[in-house]
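J.: Here's a sequence, model it:
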Amino acid sequence: SLGICHRESQGVPRDDAEAAKWFRRAAEQGQASGLHEFAMCNLHGEGVAQDEVEAVRLFHLVAGQGDKNSLYSLGICYNRGEGCEQDFAEAARWW
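T.: Next up is the predicted model:
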């Protein structure tokens, strides 16, 4: 996707804001991978203001679609207490 190209400097200069814009657009079109990547942008503050709570909310949305990357990411968030209360049992549930 264009978001990955901008994030990883594939054929274009690295531009986290541009990558986040393309991930958001993909998410708005219902692409689970785009939503996951946009959640990652929020989690790490890459191209958007860092918002761990929003990242967890987005991970929940896409995990509900069965996205394996988001299931794993939710487990990490609960394990570390990023964007949510630290909860090892909840982390294990998502893994």
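J.: Tell me how far residue 64 lies from residue 9.
T.: 32 Å (CB to CB, to the nearest Å). The way it works is simple: take the backbone N, C-alpha and C, and place the C-beta from them, glycine included.
J.: Next: residue 35.
T.: Distance from residue 35 to residue 9, by CB to CB: 23 Å.
J.: do residue 44 as well
T.: Residue 44 is 17 Å from residue 9, by CB to CB.
J.: Please say which of these two ends up with more neighbours.
T.: It is residue 44, of residue 44 and residue 9, that has more neighbours when counted by other CB atoms under 10 Å, with 14 against 10.
J.: Now do the same for the nearest residue to that one once chain neighbours are set aside: helix, strand or coil?
T.: Ranked by CB to CB, 6 or more residues apart in numbering and with sequence neighbours excluded, the top spatial neighbour of residue 44 is residue 50, at 6.8 Å. Of the three states, residue 50 takes coil under DSSP: H, G, I helix; E, B strand; the rest coil.
J.: can you give me how far the helix or strand containing residue 22 is from the chain middle?
T.: Using DSSP states H and E, the element containing residue 22 is helix 16-28. Computed by CA atoms, centre = their mean, to the nearest Å, the chain-centroid distance of helix 16-28 equals 11 Å.
J.: contact partners of stretch 18-26?
T.: Under the criterion CB atoms under 8 Å, 6 or more residues apart in numbering, residues 1-7, 12, 33-35, 37-38, 41, 46-48 lie in contact with stretch 18-26.
J.: Nearest residue to residue 7 in space, please, no chain neighbours.
T.: Using CB to CB, 6+ apart, the closest residue to residue 7 is residue 19 (3.9 Å).
J.: and the one you found, how far is that from residue 64?
T.: Distance from residue 19 to residue 64, by CB to CB: 24 Å.
J.: ok, back up a step: the residue nearest to residue 7 - how many residues pack around it?
T.: When neighbours are counted by other CB under 10 Å, residue 19 comes out with 25.
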